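> Build me a model from this:
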Amino acid sequence: MAGSKPARTWYVYLLRCADGTLYTGIALDPQRRLRQHNARRGARYTRTRLPVQLVGVLRVGGQRQALLLERRIKRFSPERKRALFVSEDPAIPPAYCLYTLQDEGSKTKKRAAR
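Below is the predicted model:
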């Protein structure tokens with residue numbers, strides 16, 4: 001369509017805080033958002049738990065899908081959150097299965113949508 005905005009890709013990210021807790025959020029640019037968190041310009045939760053490290057990023061698509069997935073992940077246990085970013089989780093529908101993962105060993109993995 002002429003004059004329409006190009007679709008922007010949203011991401012759901014998982015941070016590990018200095019106290020060991022996990023934080024889930026959404027962003028258009030997860031690396032920039034990580035810098036904001038570490039500069040005390042991120043969420044109130046992370047400001048007192050610095051520095052934070054990026055555990056993983058899920059490429060979701062639209063903002064609505066990112067918000068819905070973020071809300072769903074925030075209800076997960078910490079173990080399940082970690083597992084989601086480390087292995088395939090059947091609770092996440094195939095539309096959410098394209099992501100880049102940065103795990104504890106700083107390895108990068110990619111999985112394509114089915």
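> shaky segments in the protein?
Across the chain, residues meeting the criterion (pLDDT under 70) sit at 1-4, 86-114.
> Show me what the longest strand belonging to the chain packs onto, helices and strands only.
The strand that spans the most residues within the chain, counting by DSSP state E, is strand 53-61. Where contact means 3 or more Cβ pairs under 8 Å, 6 or more residues apart in numbering; DSSP states H and E, strand 53-61 is packed against strand 10-16, helix 30-38, helix 63-74, helix 78-86, strand 99-102. Every residue, glycine included, has its C-beta placed from N, CA and C.
> give the contact list for the residue nearest the centre of the chain.
The centre of the chain sits closest to residue 13, judged by Cα atoms, centre = their mean, with a distance of 1.3 Å. By Cβ atoms under 8 Å, 6 or more residues apart in numbering, the residues touching residue 13 are 24, 25, 26, 27, 30, 33, 34, 54, 55, 56, 57, 58.
> With neighbour count and distance to residue 81 as extra columns, can I get the residues you listed in CSV?
Converted to CSV, the contacts of residue 13 look like this (neighbours: other Cβ atoms under 10 Å; distance: Cβ to Cβ, whole Å):
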residue, neighbour count, distance to residue 81
24, 21, 7
25, 21, 12
26, 20, 14
27, 18, 17
30, 23, 16
33, 21, 17
34, 21, 17
54, 16, 13
55, 21, 8
56, 22, 9
57, 20, 13
58, 26, 11
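> which one of the residues you listed is nearest residue 74?
When these are ranked by distance to residue 74 (Cβ to Cβ), residue 24 comes first, at 5.3 Å.
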